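**Student:** Build me a structure from this.
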Amino acid sequence: MNQISLAQGGVELAHKRTRKRGAESHVIYLPGDDLLARWGGDEFLVVQELEVDSALPTLERARLAIRGTPIGIRAGSISTSVSIGVVGWHAGQPLDEALAQADRALYRAKSEGGDVVLLGDL
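**Tutor:** Residues are numbered from 1 along each chain as shown. The predicted structure is shown next:
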């Protein structure tokens, strides 16, 4: 049930949507059919074929690594955090709906204080 089946059409749709939002120059095609794109000012979209259950621990480790890695600046260092919204998408389901669900999960994560990985509903 949590299988994300990423067809080539899904990648193309995600790519077209990022172009509409002005992020065409910020699309990176990763190995296989994976895609990383800048989705907004401080938002990024990752489209990847994997089990949601296996993605959550990986994303949680990434969140902790980002939080635990200060960024050096002239005046010293600053800490950062990341809020992540995740949703499973199945071939045949509208990709726009999956993206909207992930976006809602992200905004829920931000509104609850951030620095968290939340699973959206689809």
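**Student:** CA only for contacts and neighbour counts going forward, please
**Tutor:** Will do.
**Student:** mind listing the strands for this protein?
**Tutor:** Ranges of strands in the chain, per DSSP state E, are 27-29, 35-38, 44-47, 71-73, 76-78, 84-86, 117-119.
**Student:** Pull the residues that contact stretch 115-122.
**Tutor:** With contact meaning CA atoms under 8 Å, 6 or more residues apart in numbering, stretch 115-122 is reached by 56, 59-60, 63, 67, 81-89, 97-98, 101-102, 104-106, 108-109.
**Student:** can you rerun that using 10 Å?
**Tutor:** The list of residues contacting stretch 115-122 from outside it, by CA atoms under 10 Å, 6 or more residues apart in numbering, reads 2, 52-53, 56-57, 59-60, 62-64, 66-67, 80-90, 93, 97-110.
**Student:** What subset of those residues is buried?
**Tutor:** 52, 56, 59-60, 63, 66, 82-90, 98-99, 101-110 (16 or more other CA atoms under 10 Å).
**Student:** Low-confidence stretches in this structure?
**Tutor:** The chain contains residues with pLDDT under 70 at 1-26, 30, 122.
**Student:** residues near residue 45, how many?
**Tutor:** Applying other CA atoms under 10 Å, we find 20 residues neighbouring residue 45.
**Student:** Tell me the bridge partners for it.
**Tutor:** Applying DSSP bridges to residue 45 gives these bridge partners: residue 37.
**Student:** my read: it touches residue 87, true?
**Tutor:** No - using CA atoms under 10 Å, residue 45 is not in contact with residue 87; the gap is 11.4 Å.
**Student:** Can you check which residues contact both of the two?
**Tutor:** Common neighbours of residue 45 and residue 87 (CA under 10 Å, 6+ apart) are 99, 102-103.
**Student:** can you redo the residues you listed as JSON lines with distance to residue 27?
**Tutor:** Converted to JSON lines, the shared contacts of residue 45 and residue 87 look like this (distance: CA to CA, whole Å):
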{"residue": "99", "distance to residue 27": "16"}
{"residue": "102", "distance to residue 27": "18"}
{"residue": "103", "distance to residue 27": "18"}
